[in-house]
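Turn this into a model:
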Amino acid sequence: MQTKPIHSFHIPVMGLAYTIDSPVKVARYGISSVVSIIEDRLIEMMRGYYYNQINEPYEPIDEKQADYRTKRITDYLNLLNKIVKSQFEELRNSAFEKGSELVKYFEMLPDNSSLKSLYDKMLTTKDEFEKLNIQDKLRQLIKPGSIDVNIMTKLDKNNFDKQGNIIENGSDALTSLRAYAESDLHDSSIIFSAGMNPRLFNYIDQFEDFKQQPDGSFKKKVIIKVSDFRSALIQGKYLAKKGIWVSEFRIESGLNCGGHAFATDGFLLGPILEEFKTRRKELIDSLFDLYSKSVKENTPTDIPPVRITVQGGIGNAQEQEFLLNYYEVDATGWGSPFLLVPEATTVDAHTLDLLEKSKEEDITLSHNSPLGVRFNYLRRTTSEIEKLQRIAFNKPGSPCTEKFLQTNTEFTDKPICTASIEYQKTKIEEIKNQDLSLAEKEKQIEAVLSKECLCIGLSNSAALNYNTFFLKNLTAVTICPGPNIAYFDKKVSLKEMVDHIYGRIDLLANKYRPDLFTKELQLYVDYFKEQVDELTESFQEKKQKYVVEFKKNLEEGIDYYKKLAPALSEYKIGNKFEEGLKNAEKQLQKLFSKELSV
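Residues are numbered from 1 along each chain as shown. The predicted structure follows:
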């Protein structure tokens, strides 16, 4: 059976490059992290880099080979696994002496860990024979963090053979899934994010590693990233009917997160977590009922474990403890703060400097993603500068070399990317020729020009960091931290960040930072203002109903938080929490009475 994770936090996927090799950096210390497995050219570059690092021959997998995407990704995951295993065995065999990797492993453990308690006992034991026995036991009990992978389900473009035919099971998401399934990773997980993809979900049951083993374990587990309880229930049931068990539901704040932001209809994180807490058994029982019927030939007697975790905007040890204890989640995800930890993530020097200096106003909920989904985005990156320069020289758009975000068929039979030169040139010309006011034309053209190449921008940090490029003359970097990054302002070591998470030090001492609930609420109020502004510009009955419902959900969330305030105060969270609730209420009342009274 799988054992519980060593740590009570994980490092989520960030961009394409920022956690592309995080397992090599942190897994030996028992810390789990998530690798994106969509951008295979980036992965091929990383293969070359790491084979060189371990002094083994690198054999390129070029695009002429059949199923090259799958082969690249599988080999890279196997390579990561090989490196981590070697690192971990070296750590396991190192001495219990100050500064050793083994001591670092134990020093970073949470203080309430039974393993940490045993380590502390070893330190105070006088009898040398007993001390050596405890040390041997400690070496046997430690384990590395898991190497997990992420597929953003919406990135599932079809691919074609030389004759122009769609390659069966050859879409981007399916090949990535197959690559992971065929890797030698065990006790690992695949995370599906951005909603349900029936084609992808229908493909997973073809791989035995996702099926439950005779001892009840899973070689490869499934994690679903969700924004609310309903999403967990729908996706979990869909997979359960196919004999696939979801081992974890990873709840993420709709707006207080990095990367693509999938806003709820005004549902806030606190009430969402409350629903998972109160309906957890109902969720698991309903999934097991469907699951057990779908695997009749090997019906499990016990319900497999289901973890509930949460991520998005968590910033200090008090919030960490509150989420674990009050909402009874199994673990948390810490993303953006780890961008300032070079020992954990891969960020180039220039972008790292921008992150250190970033303030609240530098993080924007942009329209920059070609997917048409809102996107948390750091301003003044080299990618933004390059985009503005192209616009200034009347050459908007980016060369579309990677093609992962090709979804638009407005002007073409085959999808193209809305950030591409081809699309932007055609769309802007169309807008100019329409019978619209000058102001409306400018507004629509501005919306077109906002789109930015993310495939390259989110990959190049690794290329710059390791001085090994997979695309000539394309070096611009995009980074998509969550709003929480504005409160962390310096590079720190891995141990310092872990100590901050567990409350042994405070990296935010004497700095004002709104608590995660207040911050998310304000983000939703700001987002709501945008929805109201759109409604007043062009009245639509359906849109008005959406806005009215959105306001109702926000108000119910505020009422919930008023009742939560005493519990939060016990954890010394949010000394301005109630003040934040009152301000949000005032903004809602003012906005609604002013804008929707017509």
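
Which residue, neighbours along the chain excluded, lies closest to Gly259?
Excluding its sequence neighbours, the residue lying closest to Gly259 (CB to CB, 6 or more residues apart in numbering) is Cys480, at 4.6 Å. For the C-beta atoms, the positions are set from N, CA and C on the backbone; glycine is no exception.

wait, the one you found sits on Gly258?
Yes. Contact criterion CB atoms under 8 Å: Cys480 and Gly258 qualify, at 5.3 Å.

Spit out the residues that contact the two alike.
Listed as contacting both Cys480 and Gly258 by CB atoms under 8 Å, 6 or more residues apart in numbering are 14, 376.

so what's the residue lying closest to Pro337 once chain neighbours are set aside up against?
Spatial nearest neighbour of Pro337, excluding adjacent residues (CB to CB, 6+ apart): Phe488 at 5.1 Å. Taking CB under 8 Å, 6+ apart, we find Phe488 in contact with 315, 336-337, 340, 507-508.

can you rerun that using 7 Å?
Shown in contact with Phe488 (CB atoms under 7 Å, 6 or more residues apart in numbering): 337, 340, 507.

Compare these and tell me which has the most neighbours.
Counting by other CB atoms under 10 Å, Pro337 has the largest number of neighbours within the contacts of Phe488, with 25 neighbours.

got a list of what that residue touches?
Taking CB under 7 Å, 6+ apart as the test, what Pro337 contacts is 484, 488, 497.

Over to it. Which of the three states is it?
Three-state call for Pro337 (DSSP: H, G, I helix; E, B strand; the rest coil): helix.

try the one 10 residues further on
Local secondary structure at Val347 is given as coil here, using three-state DSSP.

wait, doesn't it sit right on Leu339?
Yes. Val347 lies in contact with Leu339 (CB atoms under 7 Å); the separation is 5.6 Å.

where do the contact lists of those two overlap?
Listed as contacting both Val347 and Leu339 by CB under 7 Å, 6+ apart are 18, 355.

What's the first helix or strand after the helix or strand hosting Arg230?
Using DSSP states H and E, Arg230 falls within helix 229-240. On the C-terminal side of helix 229-240, the closest following helix or strand by DSSP H and E is strand 246-252.

okay, the angle between that following strand and helix 229-240?
Between strand 246-252 and helix 229-240, the angle comes out at 150 degrees (axes from the mean of the first three to the mean of the last three CA atoms, to 10 degrees).

Same question for the helix or strand following strand 246-252: list its buried residues.
Sequence-wise, the next helix or strand downstream of strand 246-252 (DSSP H and E) is helix 269-294. By neighbour count with 16 or more other CB atoms under 10 Å, helix 269-294 contains the buried residues 269-276, 280, 283-284, 287-288, 290-292.

Kindly report the same for stretch 4-24.
5-24.

What of stretch 336-351?
Within stretch 336-351, the residues that count as buried by 16+ other CB under 10 Å are 336-348, 351.

could you dump those to TSV with distance to Glu541 and pLDDT?
What follows is the buried residues of stretch 336-351, written out as TSV (distance: CB to CB, whole Å; pLDDT from 0 to 100):
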residue	distance to Glu541	pLDDT
Ser336	39	98
Pro337	43	98
Phe338	45	98
Leu339	43	98
Leu340	47	98
Val341	49	98
Pro342	52	98
Glu343	54	98
Ala344	49	98
Thr345	46	98
Thr346	48	98
Val347	46	98
Asp348	49	98
Thr351	45	98
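
and which of these is nearest to Phe160?
When the buried residues of stretch 336-351 are compared for distance to Phe160 (CB to CB), Thr346 wins out at 32.1 Å.

What distance do you get for Phe592 to Ala66?
Counting by CB to CB, to the nearest Å, the gap from Phe592 to Ala66 is 59 Å.

quick one: the strands in the protein?
In the chain, the strands defined using DSSP state E lie at 9-10, 33-36, 147-152, 188-193, 220-226, 246-252, 307-311, 331-333, 363-366, 375-378.

In a markdown table: these, plus mean pLDDT and distance to Lys427.
Below are the strands of the chain laid out as a markdown table (pLDDT from 0 to 100; distance: least, CB to CB, whole Å):
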| stretch | mean pLDDT | distance to Lys427 |
| --- | --- | --- |
| strand 9-10 | 98 | 40 |
| strand 33-36 | 98 | 29 |
| strand 147-152 | 98 | 24 |
| strand 188-193 | 98 | 28 |
| strand 220-226 | 98 | 32 |
| strand 246-252 | 98 | 32 |
| strand 307-311 | 98 | 36 |
| strand 331-333 | 98 | 37 |
| strand 363-366 | 97 | 18 |
| strand 375-378 | 97 | 19 |
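
how about those, which one is nearest Ile234?
strand 220-226 (9.2 Å).

Run through the residues that contact the residue located most distally from the centre of the chain.
Farthest-out residue of the chain from its mean C-alpha position, per CA atoms, centre = their mean: Asp127, at 46.9 Å. By CB under 7 Å, 6+ apart, Asp127 lies in contact with nothing.

can you check the one 5 residues further on too?
The contact partners of Leu132, by CB under 7 Å, 6+ apart, come to none.

Give me the pLDDT for it.
You'll see Leu132 listed with a pLDDT of 98.

same question, Lys590
89.

cool, and Ser437?
Reading off the model, Ser437 has pLDDT 96.

same check, this time on Thr3
65.

between the strands of the chain, which one is nearest to Thr175?
Closest to Thr175 of these, according to CB to CB: strand 147-152, at 10.1 Å.

Ends of stretch 401-416, what's the gap?
One end of stretch 401-416 to the other measures 11 Å (CA to CA, to the nearest Å).

show me the residues around Val448 that make contact.
By CB under 7 Å, 6+ apart, the residues touching Val448 are 424, 427-428.

In helices only, show me the residues you listed.
Secondary structure of the contacts of Val448 is defined by DSSP state H; positions in helices are 424, 427-428.

would JSON lines of the buried residues of stretch 336-351 with distance to Leu516 be doable?
Output for the buried residues of stretch 336-351, formatted as JSON lines (distance: CB to CB, whole Å):
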{"residue": "Ser336", "distance to Leu516": "12"}
{"residue": "Pro337", "distance to Leu516": "12"}
{"residue": "Phe338", "distance to Leu516": "16"}
{"residue": "Leu339", "distance to Leu516": "17"}
{"residue": "Leu340", "distance to Leu516": "18"}
{"residue": "Val341", "distance to Leu516": "19"}
{"residue": "Pro342", "distance to Leu516": "25"}
{"residue": "Glu343", "distance to Leu516": "24"}
{"residue": "Ala344", "distance to Leu516": "21"}
{"residue": "Thr345", "distance to Leu516": "21"}
{"residue": "Thr346", "distance to Leu516": "26"}
{"residue": "Val347", "distance to Leu516": "23"}
{"residue": "Asp348", "distance to Leu516": "28"}
{"residue": "Thr351", "distance to Leu516": "24"}
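
which of the residues you listed sit farthest apart?
Farthest pair in those (CB to CB) is Pro337 and Asp348. Separation: 17.9 Å.

Low-confidence regions, this protein specifically.
Where the chain drops to pLDDT under 70, the residues are 1-3, 297, 536-540, 594-598.

How is it divided into domains?
If you go by automatic domain parsing, the domain ranges for the chain are 9-340, 348-478, 514-598.

Of the ones you listed, which is nearest Gly503?
Evaluated with CB to CB, the domains of the chain place domain 9-340 nearest to Gly503, the distance being 3.1 Å.

How far off centre is that closest one?
Its chain's C-alpha centre and that of domain 9-340 lie 11 Å apart, by CA atoms, centre = their mean, to the nearest Å.

ditto for stretch 492-509
Offset of stretch 492-509 from its chain centre (CA atoms, centre = their mean): 21 Å.

go on, stretch 401-419?
Centre-to-centre, stretch 401-419 and its host chain are 24 Å apart (CA atoms, centre = their mean).

Now do it: distance from first to last residue.
Start and end residues of stretch 401-419 are separated by 11 Å (CA to CA).

buried residues in that stretch?
Within stretch 401-419, the residues that count as buried by 16+ other CB under 10 Å are 402, 404-408, 415-419.

Understood, closing this out.
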